[in-house]
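Novice: just the structure for this:
(chains A, B and C)
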Amino acid sequence: MNHLIDILQLSTQEIDELVAKANDIIARPEAYAHKCDGKILATLFFEPSTRTRLSFESAMLSLGGKVLGFSSASSSSASKGESVSDTIRTVSCYSDIIAMRHPKEGAPVVASMHTAVPLINAGDGGHFHPTQTLADLLTIHHEKGTFDNLTIGLCGDLKYGRTVHSLIAAMTRYKNVKFVLISPEELRLPQFVIDDYLKGRELTILTGVLGDKDFHCMYANVAPFAKEFITVTPGNPRALDAKDLAKYLATFGKPVTPCETVADGVKLAVEHAGKGGVVLCYIKAAVAAL
Amino acid sequence: MNHLIDILQLSTQEIDELVAKANDIIARPEAYAHKCDGKILATLFFEPSTRTRLSFESAMLSLGGKVLGFSSASSSSASKGESVSDTIRTVSCYSDIIAMRHPKEGAPVVASMHTAVPLINAGDGGHFHPTQTLADLLTIHHEKGTFDNLTIGLCGDLKYGRTVHSLIAAMTRYKNVKFVLISPEELRLPQFVIDDYLKGRELTILTGVLGDKDFHCMYANVAPFAKEFITVTPGNPRALDAKDLAKYLATFGKPVTPCETVADGVKLAVEHAGKGGVVLCYIKAAVAAL
Amino acid sequence: MNHLIDILQLSTQEIDELVAKANDIIARPEAYAHKCDGKILATLFFEPSTRTRLSFESAMLSLGGKVLGFSSASSSSASKGESVSDTIRTVSCYSDIIAMRHPKEGAPVVASMHTAVPLINAGDGGHFHPTQTLADLLTIHHEKGTFDNLTIGLCGDLKYGRTVHSLIAAMTRYKNVKFVLISPEELRLPQFVIDDYLKGRELTILTGVLGDKDFHCMYANVAPFAKEFITVTPGNPRALDAKDLAKYLATFGKPVTPCETVADGVKLAVEHAGKGGVVLCYIKAAVAAL
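Specialist: Residues are numbered from 1 along each chain as shown, chains lettered A, B, ... in the order given. The predicted model follows:
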């Protein structure tokens, strides 16, 4: 049985196959509309994550399958002290595959020991989020047609962003990949990620462009900033609110292309044709409602 | 793309068509059992409203479609500060139509700017609730066969009841419609509603029959009152608890006909053949659980 | 219309038919995959119970039907004071059958007076839980092939466990059934259950083996205890943590067989071939999450 806990469980060949499969689903959805007839997906979200949960449910429904589960610990028996392993063991009797989100790192590994069906990690604390990374990889492949010879710009909160860490881990397996890390000093990429994946690799660390002062300003204004960003479309670039970041991004010389997937945050790909690069900005959506 | 935010977006001709369509669905449900095969409805309820939400979900399931969404802000990512526009933008990638409920007036208008699929307002604060009004109109049409030449009695909380305001707005477009407004003084219809829709129209305002004292008494006893009301069936009228209201209603000389739809409150139609009228009582269900 | 509130509503002949039906569904699931096409189950859970709720939803989905509902009072309109009878009355217009869970004893009886479709009690406080009892009966029948001439051991919290009380009520209708009650003194079977069902019947009450001291110890260690228990498999018995209980269970001379159903607690059947008995241990899962 194959669980998916960490993106690194997948070989680059398996990722290539998944990307090809995804492109085929996008091109011929009707060929997959009944692939999961009679199958049940359980979405067990021990913390709320609307977009991630609905992305799983929508995918299963689109493949002809059915869905059950819960969307927060408070609406599940976790609120009366039922253990995760009890829940997983029972739910695996009711479903054909489980997608699980949990605030504690490592919970999916424990859960995978108790399930009778395959389990997908839909995010565990600041740890892993492999399907998000798959969505990022699909976006990159869609934009550039390859994973080799790219310069990946990562911009925003690089310290706590599990998706940033996972994407770095996944991309370092490809040929001649360089990274540009753009963050304020206090949110720079942790040293352990650099040690684990980026040793001896070409790396540009830019904390100056988003200094302490700039970041606090940007953080306070993250809502309008995000809004400006999101409304930008190719061929119709609008002025960006966060001037310092905009100035930097402008050096890429290409319009901003919104590419939304199932991110926890707002994610943008900036084409960087000159260097063959892609910039993904992770801006944690600590944005006031409306 | 057609959003449905406010009942007044629909012309009276469109309402006639919808009523005819609804009657056809009621008469021949099997002809519609697969109308929405392969389609997905997203129900995004930023505040709980079980009956409204389930009425949408039931409708979609009955038409062969599928459903995903959330039932309260606390079980959604709204609890971690995700903005409504972010949620809408993403969910519109996962669904073919969205029904949205939000405690803030105007939220659906903002949301409609960010969605790639049609959006239905399932209630925004004290503002609009167009599908509720459609249900009310269907009830009236079912009872009377027409929207013209009716006397509409509105009874209960006329101040905060958005469904009352919407129904008045919708009905004033028909010929020779009169209104009888029955409420305690402090919950009478706001002047702006009178100014907007009822200028120069025959209007009976009855606040005496439900004076301050009567209302407080009625409010305190709303649970048994509602219960009595609900258990009344045509041909088997039982004694009503709320004596003053009952006395007034009795003057209509006809049995009370329960007509439940998707209301937030308890709703009753009282046939009033003598005047060709229908009385709809909106009693906010601030009723203790069982 | 047949509601299912209490297991005793079913005759032993009806239970035999249900057990035969369940075994046929297990043997030939494909024959039942479209039995409920076009039907809707409403799961109305006024308190969270993930496993019970998902067991109902999974069952309906496996039979080809569809599901709607809510998983906790906080995500339903109960949080704004809507009464149970209002909710039931409306939801019964949207569904073909209702499964309802409520923290108050008797709520399903009240609800059954207001529904237009059959209602299944999925647990009401410390009162009834008939489908849990059906699952227990199915387990017993699966293990022993009969309900007659059995010695049933009930171990754990016998005071507050509604499933224990229901199972006793159900089993006393079969021939020559004996009971062994294993609990600490303070959690022994209530006298009214003994008076109602066990008068004049062979009964072994063991509170000594789980004395006050032992129980507190067991309670404090219930998490590892439960874990050990669960990982035990036939032919591969592992050491049990809770020594005193283990010692007692060992006297049955057979390995522990895990038999999980939809219990609120962790449930284990211990084969007791010598006496033709089955031991069901109800250990309230007050277990810390992971």
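Novice: now A:K66: how far from chain B?
Specialist: To chain B, A:K66 is 8 Å away according to C-beta to the nearest C-beta, to the nearest Å. C-betas here are computed from N, CA, C, even on glycine.
Novice: what's around that residue, how many residues?
Specialist: Around A:K66 sit 25 other residues, with neighbours defined as other C-beta atoms under 10 Å in any protein chain shown.
Novice: bridged to it, which residues?
Specialist: Beta bridges link A:K66 to A:I40 when assigned by DSSP bridges.
Novice: give the contact list for it.
Specialist: A:39-41, A:60, C:61 (C-beta atoms under 8 Å, 6 or more residues apart in numbering or on different chains).
Novice: what's the closest of those residues to B:L187?
Specialist: C:L61 (45.3 Å; C-beta to C-beta).
Novice: list the contacts of the closest one.
Specialist: Applying C-beta under 8 Å, 6+ apart to C:L61 gives the contacts A:40, A:66, A:68, C:67.
Novice: of the residues you listed, grab the buried ones for PyMOL.
Specialist: Buried residues within the contacts of C:L61, by 16 or more other C-beta atoms under 10 Å in any protein chain shown, are selected in PyMOL with:
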select buried, (chain A and resi 40+66+68) or (chain C and resi 67)
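Novice: mind putting the contacts of C:L61 into a markdown table with pLDDT?
Specialist: Formatted as a markdown table, the contacts of C:L61 follow (pLDDT from 0 to 100):
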| residue | pLDDT |
| --- | --- |
| A:I40 | 92 |
| A:K66 | 94 |
| A:L68 | 94 |
| C:V67 | 94 |
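Novice: just the contacts of C:L61 now: which is nearest B:A20?
Specialist: Checking these one by one against B:A20 (C-beta to C-beta), the nearest turns out to be C:V67, at 31.0 Å.
Novice: now the helices: where do they sit in chain A?
Specialist: A:12-27, A:50-62, A:84-91, A:107-112, A:130-144, A:162-171, A:191-193, A:212-220, A:222-231, A:243-250 (DSSP state H).
Novice: ok, which of these comes nearest C:L18?
Specialist: helix A:84-91 (21.2 Å).
Novice: is that closest one positioned near chain C?
Specialist: Yes - applying C-beta under 8 Å from any C-beta of the partner chain, one finds helix A:84-91 touching chain C at A:84-87, A:89-91.
Novice: highest neighbour count among the residues you listed?
Specialist: A:V91 (29 neighbours).
Novice: now that one: closest residue in space that isn't a chain neighbour?
Specialist: Leaving out its chain neighbours, the residue that sits closest to A:V91 by C-beta to C-beta, 6 or more residues apart in numbering or on different chains is A:A42, at 4.9 Å.
Novice: what's the burial count for that neighbour?
Specialist: 27.
Novice: that one contacts A:A99, correct?
Specialist: Yes - with contact defined as C-beta atoms under 8 Å, A:A42 reaches A:A99; the gap is 7.3 Å.
Novice: pull the contacting residues for the closest residue to chain B within the stretch 51-200 of chain A.
Specialist: Across the stretch 51-200 of chain A, the shortest distance to chain B (C-beta to the nearest C-beta) belongs to A:S58, at 3.6 Å. A:S58 makes contact with B:40, B:68, B:93-95 under the criterion C-beta under 8 Å, 6+ apart.
Novice: if you set the cut-off to 6 Å instead, what comes out?
Specialist: Listed by C-beta atoms under 6 Å, 6 or more residues apart in numbering or on different chains, the contact set of A:S58 reads B:Y94.
Novice: distance of it from chain C?
Specialist: 17 Å.
Novice: what's the local residue count around the nearest residue to A:D96 once chain neighbours are set aside?
Specialist: In space, and not counting its chain neighbours, A:D96 is closest to A:K39: 4.5 Å by C-beta to C-beta, 6+ apart. Neighbour count for A:K39, taken as other C-beta under 10 Å: 16.
Novice: surely A:K39 and A:G65 touch.
Specialist: Yes - look at A:K39 against A:G65 with C-beta atoms under 6 Å: they come within range, at 4.3 Å.
Novice: run a quick neighbour tally on the residue lying closest to A:E202 once chain neighbours are set aside.
Specialist: If the residues on either side of it in the chain are set aside, A:E202 comes closest to A:K178, at 4.3 Å by C-beta to C-beta, 6+ apart. The tally of other residues near A:K178 (other C-beta under 10 Å) stands at 18.
Novice: so what's A:K178 bridging to?
Specialist: Under the criterion used (DSSP bridges), A:K178 bridges to A:T151.
Novice: of the helices of chain A, which is nearest C:Q13?
Specialist: helix A:84-91 (30.4 Å).
Novice: give me the angle between the closest one and helix C:50-62.
Specialist: Interaxial angle, helix A:84-91 versus helix C:50-62 (axes from the mean of the first three to the mean of the last three C-alpha atoms, to 10 degrees): 20 degrees.
Novice: does anything pack onto helix A:84-91? Which helices or strands?
Specialist: helix A:107-112, helix C:50-62 (3 or more C-beta pairs under 6 Å, 6 or more residues apart in numbering or on different chains; DSSP states H and E).
Novice: let's have these in JSON lines, adding mean pLDDT and distance to A:A170.
Specialist: Formatted as JSON lines, the helices and strands packed on helix A:84-91 follow (pLDDT from 0 to 100; distance: least, C-beta to C-beta, whole Å):
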{"stretch": "helix A:107-112", "mean pLDDT": "92", "distance to A:A170": "18"}
{"stretch": "helix C:50-62", "mean pLDDT": "87", "distance to A:A170": "33"}
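Novice: tell me which of those helices sits most buried.
Specialist: helix C:50-62 (a mean of 23; mean count of other C-beta atoms under 10 Å in any protein chain shown).
Novice: report the angle between that one and helix C:130-144.
Specialist: Relative orientation of helix C:50-62 and helix C:130-144, computed by the same axes, to 10 degrees: 80 degrees.
Novice: so who does the closest residue to A:T43 other than its chain neighbours touch?
Specialist: In space, and not counting its chain neighbours, A:T43 is closest to A:G69: 3.7 Å by C-beta to C-beta, 6+ apart. Going by C-beta under 6 Å, 6+ apart, A:G69 touches A:42-44.
Novice: and A:G69, what pLDDT?
Specialist: Turning to A:G69, the model gives it a pLDDT of 94.
Novice: so how far is chain C from A:H127?
Specialist: Distance of A:H127 to chain C, computed by C-beta to the nearest C-beta: 14 Å.
Novice: state the pLDDT value of that residue.
Specialist: At A:H127, the pLDDT value in this model is 80.
Novice: skipping adjacent residues, who's closest to A:S166 in space?
Specialist: Nearest non-adjacent residue to A:S166, counting by C-beta to C-beta, 6+ apart: A:T133, 4.2 Å away.
Novice: ok, that neighbour - contacts?
Specialist: With contact set as C-beta under 6 Å, 6+ apart, A:T133 has these partners: A:7, A:166-167, A:170.
Novice: picking up where we left off before, from the contacts of A:K66, which two are the most distant?
Specialist: A:M60 and C:L61 (11.4 Å).
Novice: neighbours around A:G200, how many?
Specialist: Neighbour count of A:G200, defined by other C-beta under 10 Å: 5.
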